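**Student:** model the structure of this input:
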Amino acid sequence: MHIRPATLSDIPAIMKLIAEVVPLMRASGNMQWDDNYPNPEVFAKDIEQNQLWVAEIDDDIAGVSAITTDQEPEYAEVGWDINEPAIVTHRLAVSPRYQGRGVAAALMRQAEEVATDRGINRLLVDTNTQNQATQKLFPKLGYKYAGEIGLGFRPGMRFLCYEKIVPHS
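**Tutor:** Next comes the predicted model:
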């Protein structure tokens, strides 16, 4: 597996991956993503900001993740200081064809590398309350549950927040 920054030419393959993932999310009751989000424009913006990463297996995009510093204002509801720098993982997705092969964990480790490179020791992530896979994954990777919030741009949904502090080397 190879983790690398995404390029604009990756967007069609990323959208194919999203098209594989969304029906499975919806079938499990997770309505976080739909036909409108995430979309090519969101991923293009991530790429322009050098914050989108892909995991490749055999030259196929197996997973994608935005590794950002974008904190939602609602994060303050779990006691986080949203003015303190943090690396935040958004839009984490793994193709069903590659699930169970450590792709999501590798992308989360990439977030730790980005944090270390930038001298930031806080990592944050949120996940829909219906996403059982990430609720199991994040604690395995050393993330601590911080609380539950709503997000203004996803009305009616609840999200679980997780934090990991990594020591500076």
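
**Student:** list the contacts of L17.
**Tutor:** Shown in contact with L17 (Cβ atoms under 8 Å, 6 or more residues apart in numbering): 61-64, 93-95. For the C-beta atoms, the positions are set from N, CA and C on the backbone; glycine is no exception.

**Student:** from these, which land in strands?
**Tutor:** 61-64, 93-94 (DSSP state E).

**Student:** for A66, what are its contacts?
**Tutor:** Taking Cβ under 8 Å, 6+ apart, we find A66 in contact with 46, 51-53, 89-92.

**Student:** which parts of the lowest-mean-pLDDT helix or strand in the chain are buried?
**Tutor:** Here the helix or strand of the chain ranked lowest by mean pLDDT, DSSP states H and E is helix 11-27, holding a mean of 90. Buried residues in helix 11-27, defined by neighbour count with 16 or more other Cβ atoms under 10 Å: 11, 13-14, 17-18, 21-22, 25.

**Student:** what helices and strands are in contact with the helix or strand containing R91?
**Tutor:** Taking DSSP states H and E as the criterion, R91 maps to strand 87-94. Judged by 3 or more Cβ pairs under 8 Å, 6 or more residues apart in numbering; DSSP states H and E, the packing partners of strand 87-94 are helix 11-27, helix 40-48, strand 60-68, helix 103-118, strand 122-128.

**Student:** alright, I will stop here.
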